[in-house]
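In: kindly return the folded structure for what I paste below:
(one chain, ligands or ions: 1)
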Amino acid sequence: MSAPAAARPLTLGDLAAKKDAGEPIVMVTAYDHPSARIAEDAGVDMVLVGDSAAMTVLGHSSTVPVTIDEMLMLTRAVRRGLSAPLLVGDLPFGSYEASDELAVATAQRFVKEAGCDLVKIERGGTTVDRARAIAAAGIPVVGHVGLTPQSATSLGGYRAQGRTADAALALIDDALALQDAGCAVLVIEAVPAEVTALLVQRLRIPVIGIGAGADTDGQVLVWHDLLGITDGPTAKFVKRYADLRGAALAAVGDYAREVRSGAYPAPEHTYAMPAEELTRLEDLLAAR
Ligand code: KIV
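Out: The predicted structure follows:
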């Protein structure tokens with residue numbers, strides 16, 4: 001059974017209402033127009049154009065190299081495919097950290113040039129001030145704590161965070177500070193479920209988890225992971241709901257075999273010329 005499509009553009013008030021009602025918020029990433037159309041028709045609540053695009057669609061080995069212009073191009077394509085879900089743009093590494101002015105200017109580009117409803121920034125610490133500045137400029141902000149891929153090197157790699165009491169306390173403090181700074185939503189990534197439960201009890205804003213257990217107000221997964229488009233190992237928390245890589249590989253393999261055997265194109269894939277025009281063409285060529 002497919003989920004009913006949302007009837008009208010969702011608002012932050014709808015997210016708050018879902019949290020209050022205990023109705024899980026569904027978020028996926030997307031990076032292009034066809035994916036956005038599918039997310040829309042599947043009835044998801046929020047679509048994130050994540051800087052994971054650096055890895056999933058641009059072929060980088062981390063999220064760090066993706067540029068503002070690349071993110072804006074992908075985000076605009078997603079915007080054109082969405083009407084009901086809230087669109088979240090991910091501010092890439094280096095586009096917001098240095099100052100409040102830089103953070104606000106970048107966030108404004110994502111709203112003005114790509115039509116984002118919210119923007120997402122990573123980490124606590126100095127990011128708390130950037131979140132406050134962006135929120136004060138009237139742009140809803142999504143905070144992101146736990147495993148924050150833009151700073152994966154200083155976190156010791158792509159690994160679960162908050163696994164000691166001290167680390168978990170620091171993570172909870174970052175989350176509370178982001179909420180106090182005006183974040184509208186929080187993403188929490190790769191954190192023990194017990195820590196998530198303690199965190200969610202202490203927050204008023206909706207918390208969306210990825211690898212953070214079941215006690216959040218919603219879940220997000222990366223498009224390529226959930227559809228099985230990526231090859232190679234995935235994180236422990238990924239559930240593959242399809243094998244699109246397998247299906248695509250079989251289809252392209254069939255196409256290649258049919259081109260090589262001459263089975264494709266068949267007459268039904270071929271245009272024909274009216275017989276009298278062909279005769280005339282042959283006469284014209286013969287007369288040359
Ligand atoms: O970039 C991304 O896709 C993300 C999600 C994993 C939350 O930040």
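
In: give the contact list for the residue in the chain that the ligand sits nearest to.
Out: Closest contact between the chain and the ligand, by Cβ to the nearest ligand atom, is at Gly50 (2.2 Å). Quick note: C-beta positions are derived from backbone N, CA and C, even for glycine. If a contact means Cβ atoms under 8 Å, 6 or more residues apart in numbering, then Gly50 has 29, 31, 63, 90, 120, 222 as its contacts.

In: kindly recompute the last result at 6 Å.
Out: With contact set as Cβ atoms under 6 Å, 6 or more residues apart in numbering, Gly50 has these partners: 29, 90.

In: need the pLDDT of it.
Out: Reading off the confidence values, Gly50 has pLDDT 98.

In: so how far is Ala152 from it?
Out: 14 Å (Cβ to Cβ, to the nearest Å).

In: go on, Ala36?
Out: Ala36 is 27 Å from Ala152, by Cβ to Cβ.

In: which stretches in this protein count as helices?
Out: Applying DSSP state H to the chain gives helices spanning 12-21, 33-42, 53-56, 68-81, 100-112, 127-136, 165-180, 193-202, 223-226, 244-261, 275-286.

In: any bit of the third one sitting next to the ligand?
Out: No. Remark: helix 53-56 sits outside contact range of the ligand, by Cβ under 6 Å from any ligand atom, the gap being at least 7.3 Å.

In: how many neighbours does the residue nearest to Ala54 when sequence neighbours are not counted have?
Out: What sits nearest to Ala54 in space, not counting adjacent residues and going by Cβ to Cβ, 6 or more residues apart in numbering, is Val66, at 3.7 Å. Using other Cβ atoms under 10 Å, the number of residues around Val66 comes to 25.

In: ok, Ser151 - contacts?
Out: If you count contacts by Cβ under 6 Å, 6+ apart, then Ser151 has nothing around it.

In: tally of neighbours for Ala105?
Out: 14.

In: with the one 5 residues further on instead?
Out: Using other Cβ under 10 Å, Phe110 has 28 other residues around it.

In: am I right that it is in contact with Gly89?
Out: Yes. Using Cβ atoms under 6 Å, Phe110 is in contact with Gly89, at 3.9 Å.

In: what do the two both touch?
Out: Going by Cβ under 6 Å, 6+ apart, residues that sit against Phe110 and also against Gly89 are 116, 119.

In: contact residues of the stretch 101-250 of the chain facing the ligand?
Out: So the stretch 101-250 of the chain meets the ligand at 144, 187, 189, 210, 220, 222 (Cβ under 6 Å from any ligand atom).

In: what's the spacing between the fifth one and Phe93?
Out: Shown here: Val220 relative to Phe93, a distance of 19 Å by Cβ to Cβ.
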